[in-house]
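> for reference, the sequence and a predicted model appear below.
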Amino acid sequence: MYQYPYNQNGNYPYQNGVNPYQQQQYNEYMRRQLEINRLRRKEISELIVNGVVIGAAILAFLLVQSVIVVAFQKSSLYSLYEESGIFQNAFNIITVHVLSLGVPFSIMALILKNRFIGPLIPTKKLGAAKMSAWVALGLGASLCANIITNYVIRFVEVLGYELSQPELKKPDSVLAIVVSFFAIALVPGIFEEYALRCCTLGVLKKYGKGFAVVAVSIVFGLIHGNIIQFIFAFMVGLVLGYITIVTDNVIPAMIIHAGNNSLSVINDAVLYFSGKQIATYVTGAITIAIAVCAVISLIYLLVKKEFLPKMNNGENKPYEVSLGIKFLCLLPGFALPFGMLIYLTTFYIKHK
């Protein structure tokens, strides 16, 4: 160890035996540590507030629907709703996506606007080839998520239970098919991606993009209100969030979302015009086409080295909160929505 010299009288040359340079370094170190602790506490506090506000938006999404549905059931129009698929889809567009989803999450984004590190709606320029490749890959990943979800359903059936989910009436006219496309594919693709990949992801990616993608996928699952759709939506949400982060553009996610949802509309349309057998062939052909395009797109994107986003925002934060603590910070706000998901799930689980 280096020893500082004594003076001619044999005394240590520094007042009170303290090296001024070392004292200065120590003071600077302590100042940095205090600042790091302050920033860490601030980030934890912000995450807790974020979780509460996002949780409130999820609850508003569920409660607004419930209030509207209860009020609607007591009106004279409810019998028309039960009988008409067109009315059901039109009603869902207004209540589920515009009033219940668009409004609460817009308010959430407004309350937490200081958390954004980029535009509310990311639309960075993306070439047609890359756009097409990401969309094809996303649709392929959605097919994989659907297969996994089906295996989960079968596993639950082996245990003696049956998982179900709410269904709308099948379209019985050309107009009903058009309306169902808007209600099932186009409108959800726009509004759900706006609420999740714009508002919610925009709020959370300040604290780590990987963390934000996972957290938003949980929210995406929660708003679907039953365990089957939660599993599927969570897996697809990981893909949509990742693509949005990598491209810094929400348009591919909207197209993937709408494209995936439109598969059921296409099946219903072919079923209406040509019958079950032709619908099975068409669905199979589309599935194969998506799978092939997804593989080609994967190779293309690997060659172009498009899978390497800067998931840490390009910043080195010495006060970085661990991933586990980040999720614990969201827990107070997410606890009640999770409880409601469990409660709603009980309506769709049947003992065989």
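Structure received.
> could you pull out the helices for the stretch 151-300 of the chain?
Using DSSP state H, counting those that start in this stretch, the helices of the stretch 151-300 of the chain run over 174-180, 187-193, 201-204, 209-222, 227-247, 251-274, 276-303.
> would you map the strands across this protein?
161-163, 349-351 (DSSP state E).
> figure out which of the ones you listed is closest to Leu263.
Nearest to Leu263 among the strands of the chain is strand 161-163 (20.1 Å), distances taken as C-beta to C-beta. All C-beta atoms are positioned from the backbone trio N, CA, C, and that covers glycine.
> and that closest one, which residues are buried?
By neighbour count on 16 or more other C-beta atoms under 10 Å, the buried set for strand 161-163 is Leu163.
> before we move on, what about stretch 121-133?
For stretch 121-133, the neighbour count (16+ other C-beta under 10 Å) marks 122, 126, 130-133 as buried.
> verify the stated contact: Lys169 with Leu80.
No - applying C-beta atoms under 8 Å as the test, Lys169 and Leu80 come out as separate, 11.9 Å apart.
> now for the lengthiest helix in the chain, which elements pack on it?
Longest helix of the chain, by residue count under DSSP state H: helix 20-73. Identification of packing neighbours for helix 20-73 by 3 or more C-beta pairs under 8 Å, 6 or more residues apart in numbering; DSSP states H and E yields helix 103-111, helix 201-204, helix 209-222, helix 323-345.
> least reliable of the strands of the chain by average pLDDT, please.
Looking at the strands of the chain, the lowest mean pLDDT belongs to strand 349-351 (a mean of 76).
> chain center to it: distance?
Its chain's C-alpha centre and that of strand 349-351 lie 28 Å apart, by C-alpha atoms, centre = their mean, to the nearest Å.
> and it, which strands flank it?
Take DSSP bridges as the rule and strand 349-351 pairs in its sheet with strand 161-163 (antiparallel).
> now distance to Gly339 too, for the helices of the stretch 151-300 of the chain, in JSON lines please.
Below are the helices of the stretch 151-300 of the chain laid out as JSON lines (distance: least, C-beta to C-beta, whole Å):
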{"stretch": "helix 174-180", "distance to Gly339": "32"}
{"stretch": "helix 187-193", "distance to Gly339": "22"}
{"stretch": "helix 201-204", "distance to Gly339": "21"}
{"stretch": "helix 209-222", "distance to Gly339": "10"}
{"stretch": "helix 227-247", "distance to Gly339": "13"}
{"stretch": "helix 251-274", "distance to Gly339": "27"}
{"stretch": "helix 276-303", "distance to Gly339": "36"}
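> so which of those helices is the most packed in?
helix 201-204 (a mean of 26; mean count of other C-beta atoms under 10 Å).
> so what secondary structure elements neighbour that helix?
Judged by 3+ C-beta pairs under 8 Å, 6+ apart, helix 201-204 is in contact with helix 20-73, helix 103-111, helix 209-222, helix 227-247.
> give the contact list for Arg40.
By C-beta atoms under 8 Å, 6 or more residues apart in numbering, Arg40 lies in contact with 319, 321.
> per-residue confidence at it?
Here, the pLDDT recorded for Arg40 equals 90.
> and Ile342, by the same measure?
Looking at Ile342, its pLDDT reads 85.
> quickly note the distance from it to Asn267.
Distance of Ile342 to Asn267, given as C-beta to C-beta, to the nearest Å: 31 Å.
> neighbour-wise, which of Lys169 and Leu80 wins?
Per other C-beta atoms under 10 Å, whichever of Lys169 and Leu80 has more neighbours is Lys169, with 16 against 13.
> and the more buried one, what's its pLDDT?
pLDDT for Lys169: 76.
> what number of residues are in the vicinity of the nearest residue to it once chain neighbours are set aside?
In space, and not counting its chain neighbours, Lys169 is closest to Gly85: 3.7 Å by C-beta to C-beta, 6 or more residues apart in numbering. Using other C-beta under 10 Å, Gly85 has 21 other residues around it.
> what sits against Gly85?
168-172, 176, 179-180.
> mind checking how far Gly140 is from Gly51?
For Gly140, the distance to Gly51 (C-beta to C-beta) stands at 33 Å.
> again with Lys350
33 Å.
> below-threshold pLDDT in this structure: ranges please.
The chain contains residues with pLDDT under 70 at 1-19, 21, 308-316, 352.
> quick revisit: which ones among the buried residues of stretch 121-133 lie within helices?
130-133.
> now, among those residues, which is nearest to Lys317?
Nearest to Lys317, judged by C-beta to C-beta, of those is Lys130 at 30.0 Å.
> quick one: contacts for the closest residue to the closest one other than its chain neighbours?
Leaving aside its chain neighbours, Lys130 sits nearest to Glu306 (6.8 Å; criterion: C-beta to C-beta, 6+ apart). When the contact criterion is C-beta under 8 Å, 6+ apart, the partners of Glu306 are 130, 133-134, 246.
> off-centre distance for stretch 273-290?
Distance of stretch 273-290 from its chain centroid, counting by C-alpha atoms, centre = their mean, is 30 Å.
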